[in-house]
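Student: Quick check, what structure comes out for this input:
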Amino acid sequence: MHELTLRLDPSDGRALDDLADACGRLPEDIAREAVRRYLDEEARGVRSVGERLASAHAGLLRRLGE
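Tutor: Alright, predicted model coming up:
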């Protein structure tokens with residue numbers, strides 16, 4: 001597993017601790033889930049742009065492949 005130290009400002013740290021406490025979860029689990037969701041969302045956006053560019057330039061890409 002990749003380990004990361006994340007420094008939060010005090011108010012974000014308290015908010016994370018409060019949320020974890022309210023949910024009965026560890027702050028680390030909530031942060032890990034937030035990172036995973038962010039990465040998934042960004043990957044979808046990058047894929048969408050790539051697909052749009054590939055579609056818009058399909059003719060050129062086909063010619064380059066010949």
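Student: Would you mind identifying the next helix or strand past the host helix or strand of Ala34?
Tutor: Using DSSP states H and E, Ala34 sits within helix 27-56. Scanning forward in sequence from helix 27-56 by DSSP H and E, the next helix or strand is helix 58-65.
Student: other SSEs contacting that following helix?
Tutor: Helices and strands touching helix 58-65, by 3 or more C-beta pairs under 8 Å, 6 or more residues apart in numbering; DSSP states H and E: there are none. Using the backbone N, CA and C atoms, a C-beta is placed for each residue, glycine as well.
Student: For the helix holding Ala34, the averaged confidence score.
Tutor: For helix 27-56, the mean per-residue pLDDT is 96.
Student: what about Leu4, neighbour count?
Tutor: Leu4: 8 surrounding residues under other C-beta atoms under 10 Å.
Student: actually Leu26, not the one I wrote
Tutor: 11.
Student: For it, give its distance to Val49.
Tutor: According to C-beta to C-beta, to the nearest Å, Leu26 and Val49 sit 35 Å apart.
Student: List phi and psi for Arg7.
Tutor: When read as degrees, to the nearest 10, the backbone of Arg7 gives phi -90, psi 120.
Student: ok so, going back, what's the spacing between the helix holding Ala34 and its chain's center?
Tutor: 5 Å (C-alpha atoms, centre = their mean, to the nearest Å).
Student: buried set for it?
Tutor: Neighbour counts using 16 or more other C-beta atoms under 10 Å place Pro27 of helix 27-56 among the buried residues.
Student: Packing partners of that helix?
Tutor: Applying 3+ C-beta pairs under 8 Å, 6+ apart, we find helix 27-56 packed against helix 10-23.
Student: Now do the buried residues in the helix it packs on.
Tutor: For helix 10-23, by 16+ other C-beta under 10 Å, it's 16, 20.
Student: Other residues contacting that helix?
Tutor: If you take C-beta atoms under 8 Å, 6 or more residues apart in numbering as the criterion, helix 10-23 is touched by 8, 26-27, 29-31.
Student: 10 Å instead, please
Tutor: Helix 10-23 has contacts (C-beta atoms under 10 Å, 6 or more residues apart in numbering) with 6-9, 25-31, 34.
Student: Adding distance to His57, write those out as a markdown table.
Tutor: Shown next, in a markdown table, are the contacts of helix 10-23 (distance: C-beta to C-beta, whole Å):
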| residue | distance to His57 |
| --- | --- |
| Leu6 | 39 |
| Arg7 | 42 |
| Leu8 | 42 |
| Asp9 | 43 |
| Arg25 | 45 |
| Leu26 | 46 |
| Pro27 | 45 |
| Glu28 | 43 |
| Asp29 | 42 |
| Ile30 | 41 |
| Ala31 | 39 |
| Ala34 | 35 |
